[in-house]
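Chemist: fold the following and give me the result.
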Amino acid sequence: MFKAFEGLVKVRPPSDDQIRKHKEQWRQLEHWRADVSALEMILSKLKKEYQQHKEDFALGRYEELKEMIKSAVTRFHEVVKENSNHRYDLGSSSQAGHASSLRKNAESFSKQQEALSGGEEKRHSEMSAKDVDKDLREFRKEILELKEEFRKHKQNLEKLAEEYEASKKLNPAQRFVDMKEMIKVVLSASSLL
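Modeler: This next block holds a predicted model:
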């Protein structure tokens with residue numbers, strides 16, 4: 001008896017506000033995915049280089065360790081500068097830097113809006129309000145997980161940078177041992193070792 005009414009049940013379409021929130025959450029999710037991925041690539045490269053040079057002679061390895069850490073720290077600071085959408089703290093920066101990052105974010109937003117307008121409108125028209133709400137809950141959950149992962153990677157790379165700077169005061173033999181340990185700790189804390 002109820003099967004006859006299945007086709008007659010009205011599915012409530014999503015409201016404009018739900019669609020706006022859906023698009024906004026999707027953009028945030030994509031930003032966080034990209035940022036976490038960028039930090040993971042830095043850590044992955046550090047791991048790969050560290051493992052490749054494990055058997056090298058100590059004197060040559062000392063310079064390689066320095067370069068590995070400097071490269072990772074430099075790339076980390078570049079990623080943080082490039083992606084100001086999360087209001088990273090890198091100390092004081094100039095107004096010109098803020099204007100430049102605002103301009104980049106505006107350009108990025110504009111391009112994303114253009115890309116979303118076509119296929120996304122069709123997708124939203126096929127979704128019910130319930131579907132949009134379900135997506136929003138899933139987006140929020142994933143964003144929280146990505147934020148936590150990003151925070152962990154960021155802390156590990158900041159610690160690496162701080163310890164590397166502090167190690168400059170040590171003699172080369174002690175610094176060699178400390179740099180190896182720094183890399184091991186960062187990779188271990190990032191679940192890459």
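
Chemist: quick one: low-confidence ranges for this protein?
Modeler: Counting by pLDDT under 70, the chain shows low-confidence ranges at 1-10, 58, 84-125, 192-193.

Chemist: what about the helices in it?
Modeler: All helices of the chain, identified by DSSP state H, fall at 16-52, 58-82, 95-125, 129-167, 172-189.

Chemist: dump those into JSON lines; add mean neighbour count as well.
Modeler: Just so you know, the C-beta spots here come from the backbone N, C-alpha and C atoms, and that holds for glycine as well. Compiled in JSON lines, those are given as follows (neighbours: other CB atoms under 10 Å):
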{"stretch": "helix 16-52", "mean neighbour count": "17"}
{"stretch": "helix 58-82", "mean neighbour count": "16"}
{"stretch": "helix 95-125", "mean neighbour count": "12"}
{"stretch": "helix 129-167", "mean neighbour count": "16"}
{"stretch": "helix 172-189", "mean neighbour count": "16"}
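
Chemist: pretty sure W32 sits against L144.
Modeler: No: using CB atoms under 8 Å, W32 makes no contact with L144, being 9.4 Å away.

Chemist: now the phi/psi pair for R12, please.
Modeler: Note on R12: its backbone torsions stand at phi -70, psi 120 [degrees, to the nearest 10].

Chemist: burial count for it?
Modeler: By other CB atoms under 10 Å, 8 other residues sit near R12.

Chemist: residues in contact with it?
Modeler: 128-130 (CB atoms under 8 Å, 6 or more residues apart in numbering).

Chemist: against V132, how distant is it?
Modeler: From R12 across to V132, the span is 10 Å (CB to CB, to the nearest Å).

Chemist: closest to I19 out of the contacts of R12?
Modeler: A129 (9.8 Å; CB to CB).

Chemist: tell me how far that closest one lies from P14.
Modeler: In terms of CB to CB, A129 sits 5 Å off from P14.

Chemist: overlap in contacts, these two.
Modeler: In contact with both A129 and P14: no residue, using CB under 8 Å, 6+ apart.

Chemist: export the contacts of R12 to JSON lines and tack on distance to Y62?
Modeler: JSON lines is the format used below for the contacts of R12 (distance: CB to CB, whole Å):
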{"residue": "S128", "distance to Y62": "62"}
{"residue": "A129", "distance to Y62": "62"}
{"residue": "K130", "distance to Y62": "61"}
